[in-house]
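> Kindly return the folded structure for what I paste below:
(2 chains)
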Amino acid sequence: MPLNVFLAATLRRFIPDYNPEKGITLEVGPGVSVSHVADILGIPKDEIKIVMINGIHASIDHILKGDERVAFFPAVGGG
Amino acid sequence: MIEISERDLLKLAQDLKISVGEATAIAIESGKIPRRYIKNLGAISALEQASICRSRVLVCGCGGLGGHVILLLARLGFGFLRIVDPDSFDPSNLNRQPFCMEDTLHRPKAIATKEILSHINPLIDVETFVGSLSPSHFVDVHFVIDGLDSPQDRIMAEKEAIKRGVPFIHGAVRGWWGQVTTIMPHEGPKLGLLYGEINEEIQKFEEQTGTLVPVVSLIASLQVHEAMRLAISKTPLYAGKLLYWDGETGTAMVLPFDYFKTAQY
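Coordinates of the predicted model:
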């Protein structure tokens, strides 16, 4: 099972043709950090305000096994 | 419960020299309810309706979020609304702002809104300020509701609410997405943890993503839902949590906002 990465809201602009239903599938070995996954995808870490792994919040320094469901959230600011 | 007319309630307020919200609350407590609130009962008790009638709310902004928030607060019967907005209605507001109409265009939002509210619910008091939000607007209210449109203004409003010891019900929208959280004055995480450094590039991008009325109205509804719970002393639903709405997948997620207290970045 590869890594499945989901992006919320304005973070989707970094991935052209992002599919919000399927997210992004990524082959990474065990031992890779969430932060590294953000780097691979070209998402600035200062825009990631919340990280969820398999539905549970986690630190951006969390080390992955490589088969998780990772979600990145920014903050929304309009009104 | 027996019914009481709105005319009698307005007269009671005048005779006792009290606000119409207070007069309505007193009437309800003595077993008399105006017909307009009958359909609230069951979901809430008569005494809870009286608490709502006594509640005083500051709504910061009278645009998309603020407008929908005000509309729902007035329907529920929140007895006092203070509305602050520096702007006038522009044709570009017609897509989403409930009080922006052909005949309110180019008029100050706060004033036009107050006039329309008098046709929706005469049993509430509405105070308006055309101008920027200032610390004096936070005096003598039970809650503050966020209808602002920038992180900077929100953090300022949050600080003033905390200073006054009242909850700040935050909502924000952009494009297909929205978020809600309730900042409690004495505990829990604050908005600075969420927004962090204000990034102007993100703000510029956000402005290009537009604002859709279904998302605005949904987020405003959740903010009023929370205000209603607080008014009747029920536990807030979004204190320490961030409700995140993704209109692209139809998913609402409730995220652990308090995690930021220990975030490493």
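
> Next, the buried residues of stretch A:36-56.
Buried positions in stretch A:36-56, judged by neighbour count with 16 or more other Cβ atoms under 10 Å in any protein chain shown: A:37-38, A:43, A:47-53. All C-beta atoms are positioned from the backbone trio N, CA, C, and that covers glycine.

> Kindly report the same for stretch B:101-121.
In stretch B:101-121, counting by 16+ other Cβ under 10 Å, buried: B:104, B:107-114, B:116-117, B:121.

> My assumption is that residue B:113 lies in a helix; please confirm.
Yes - under DSSP: H, G, I helix; E, B strand; the rest coil, residue B:113 falls within a helix.

> distance of it from residue B:257?
Applying Cβ to Cβ, to the nearest Å, the value for residue B:113 to residue B:257 is 31 Å.

> now residue B:232
The gap separating residue B:232 from residue B:257 is 23 Å, by Cβ to Cβ.

> More neighbours: which of those two?
residue B:257 (27 against 16; other Cβ atoms under 10 Å in any protein chain shown).

> Leaving out sequence neighbours, find the closest residue to that one.
residue B:242 (4.2 Å; Cβ to Cβ, 6 or more residues apart in numbering or on different chains).

> The one you found: what's it in contact with?
Going by Cβ atoms under 8 Å, 6 or more residues apart in numbering or on different chains, residue B:242 touches A:50, B:179-181, B:194, B:254-257.

> where do the helices sit along chain A?
Ranges of helices within chain A are A:34-41, based on DSSP state H.

> counting contacts, what elements does the least confident helix or strand in it by mean pLDDT pack onto?
Every helix and strand in chain A was compared by mean pLDDT, DSSP states H and E; the lowest is strand A:56-58, with a mean of 84. Under the contact criterion of 3 or more Cβ pairs under 8 Å, 6 or more residues apart in numbering or on different chains; DSSP states H and E, strand A:56-58 touches strand A:50-53.

> Residues of the stretch 51-200 of chain B that sit close to chain A?
Within reach of chain A by Cβ under 8 Å from any Cβ of the partner chain, the stretch 51-200 of chain B has these residues: B:61, B:63-66, B:146-151, B:154, B:171-179, B:194-197, B:199.
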